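S.K.: kindly return the folded structure for what I paste below:
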Amino acid sequence: MNVDKDTYAIMNGYTHAFDIINKDVYDYLKRKSTENVSDNTLSKLVKRGYLTSLTEDQELELIKRITDGVHDSRRFQKYNFQFIMSYDCNLRCVYCFEKEVLNTSKCPSKDKITKDKIDRAFDIIYEKYENKQCTQVIGLYGGEPFLAENYDLVSYIIEKGKKCNFTFYAPTNGYDIDAYFDLLKENSNLFHFQITLDGVEEIQNRNRPHFKNKDSFEKITNNIDHLLKLGITIRLRINTSEYSLTKMNELMSLFEAKGWYGYENFSAYWALLRDDIDSGAAPAEGEKPQINQLDLMSSFQEQKATGNLSSKLSCQDYGISSILNNMILGKDVKYKGYFCGAQVSSLIFDPVGDLYSCWDVVGQPEHKVGSYIPDLEISEEGYQKWFDDKISGYKCIKCKYVLFCGGGCVIRSLKSKKRIRPGNCNQYPQVFNSLVKNLYQETIKENYNQI
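M.R.: Residues are numbered from 1 along each chain as shown. Predicted coordinates:
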């Protein structure tokens with residue numbers, strides 16, 4: 001891709017080479033010219049994988065072997081276990097993707113997981129732990145996992161997890177977390193949380209209101225203050241829209257005034273509501289219903305260029321920035337044979353005894369992968385749909401980004417195509433190219449030798 005006048009960036013997905021070339025080399029690779037390319041340059045192009053003796057079909061088979069190999073080597077090798085405390089929640093987010101579960105009898109929202117079910121789940125976890133077949137991080141999910149009334153159950157899980165030195169991760173809205181301060185103080189080294197804000201107080205209270213009170217923003221930010229003082233790691237997700245971006249400086253100023261940037265255990269990132277989720281609320285006057293991933297990234301980069309963004313802030317980018325930096329530095333870059341753990345390793349214990357692998361479909365029995373009561377059982381249908389559907393069987397395999405992307409979030413196709421499958425780019429190529437150009441201007445331009 002063109003990154004500057006007569007200057008181009010080239011990459012190879014399977015050799016993980018990243019190089020800057022001039023127009024002569026670019027024209028040679030495009031077969032526009034055979035002049036002005038030295039033997040030394042040709043040798044480097046071969047060594048870095050840009051020139052190959054493989055036919056197009058042979059190269060495609062190589063990519064299939066890589067992606068299938070990655071998928072097979074990760075499937076059920078390191079389980080990632082999570083608990084749903086209940087499907088109940090104390091916020092009424094306008095875009096909630098669990099609305100059907102909360103508002104129907106598909107899976108009664110008030111049902112909490114029982115201690116008997118927790119014991120059975122831990123029998124499975126302990127067995128996998130002894131066989132070194134699971135991570136040592138247990139997720140707590142919902143609904144809202146840290147409802148005040150869940151205290152005894154959360155405490156019970158923590159005590160059982162501590163027996164094998166597990167730590168705990170939870171996406172939480174943070175509203176009732178003050179009911180857990182004593183427990184968290186005693187176990188501050190065991191927790192890290194993701195808490196979500198949709199923007200300044202006006203936006204947060206409109207989009208993510210408490211079911212009864214009108215203090216969502218105030219209560220949650222005060223709780224974040226206390227968690228940071230306890231030493232709990234907080235990763236703050238900031239959901240963005242065109243309107244909230246106009247208020248972003250105000251929100252960032254609040255973070256600074258509260259002193260959050262001074263905590264080593266604090267970070268935040270701008271994120272996007274997926275375009276397959278109904279936002280649920282009428283946009284503010286003059287506001288587009290939703291922005292896209294490239295809009296978000298461009299806005300972040302523009303703000304970053306002003307020098308006014310804290311280093312504690314980043315932008316959701318599918319890990320592309322990390323990939324590019326590692327490629328430039330010659331560090332290891334893992335091949336992607338799938339998009340996320342829901343396709344290879346995630347098992348979520350729900351309150352009624354069912355197993356799911358993806359957060360987005362919990363509580364919807366048609367998407368469960370099996371059960372854990374009375375015993376662990378992954379159904380044939382669940383296995384084939386979630387764990388054995390490989391990107392090598394889809395159009396993605398011919399995409400030049402496939403070894404970086406992994407086929408995209410499979411759940412994005414559920415609403416549009418009524419089935420779960422890879423091939424959902426969400427502007428991955430455009431974001432990738434945009435970040436390459438930004439990286440060139442910020443880092444590479446003055447410090448990188450061309451081929």
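S.K.: mind checking the SS state of residue 169?
M.R.: strand (DSSP: H, G, I helix; E, B strand; the rest coil).
S.K.: for the closest residue to residue 406 other than its chain neighbours, give its distance to residue 330.
M.R.: Sequence neighbours aside, residue 336 is the residue nearest to residue 406 in space, at 3.3 Å (criterion: CB to CB, 6 or more residues apart in numbering). For the C-beta atoms, the positions are set from N, CA and C on the backbone; glycine is no exception. Here residue 336 is placed at a distance of 19 Å from residue 330 (CB to CB, to the nearest Å).
S.K.: neighbour-wise, which of these two wins?
M.R.: Taking neighbours as other CB atoms under 10 Å, residue 336 and residue 330 compare with residue 336 leading, 23 against 10.
S.K.: contacting residues for that one?
M.R.: 67, 70, 402-407 (CB atoms under 8 Å, 6 or more residues apart in numbering).
S.K.: got a winner among these for most neighbours?
M.R.: Neighbour tally across the contacts of residue 336 (other CB under 10 Å): the maximum, 30 neighbours, falls on residue 407.
S.K.: what separates stretch 146-155 from the chain centre, distance-wise?
M.R.: 26 Å (CA atoms, centre = their mean, to the nearest Å).
S.K.: start to end distance for it?
M.R.: Taking CA to CA, to the nearest Å, stretch 146-155 runs 11 Å from one end to the other.
S.K.: now do the buried residues in that stretch.
M.R.: 146-147, 150, 153-154 (16 or more other CB atoms under 10 Å).
S.K.: want to throw the residues you listed into TSV with secondary structure and pLDDT?
M.R.: Shown next, in TSV, are these (DSSP: H, G, I helix; E, B strand; the rest coil; pLDDT from 0 to 100):
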residue	secondary structure	pLDDT
146	coil	98
147	coil	98
150	helix	97
153	helix	98
154	helix	98
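S.K.: what's the distance between stretch 222-238 and the middle of its chain?
M.R.: 20 Å.
S.K.: using CSV, write out every CA atom in it.
M.R.: This file holds the C-alpha atoms of stretch 222-238, laid out as CSV (Å, rounded to 0.1, in the frame of the first residue of the first chain):
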residue,chain,number,x,y,z
ASN,A,222,-17.5,6.9,42.5
ASN,A,223,-17.1,3.1,42.6
ILE,A,224,-14.3,3.2,40.1
ASP,A,225,-12.5,5.8,42.4
HIS,A,226,-12.6,3.3,45.2
LEU,A,227,-11.6,0.3,43.2
LEU,A,228,-8.5,2.1,41.9
LYS,A,229,-7.6,3.1,45.5
LEU,A,230,-7.9,-0.6,46.4
GLY,A,231,-5.4,-1.5,43.7
ILE,A,232,-7.9,-3.4,41.5
THR,A,233,-7.0,-3.4,37.8
ILE,A,234,-9.7,-1.5,35.9
ARG,A,235,-10.0,-1.5,32.1
LEU,A,236,-12.6,1.1,31.2
ARG,A,237,-14.5,0.6,28.0
ILE,A,238,-16.0,3.8,26.5
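S.K.: quick one: buried residues of it?
M.R.: Here stretch 222-238 shows 223-224, 227-228, 232-238 as buried, counting by 16+ other CB under 10 Å.
S.K.: and for stretch 87-102?
M.R.: Buried positions in stretch 87-102, judged by neighbour count with 16+ other CB under 10 Å: 87-98, 101-102.
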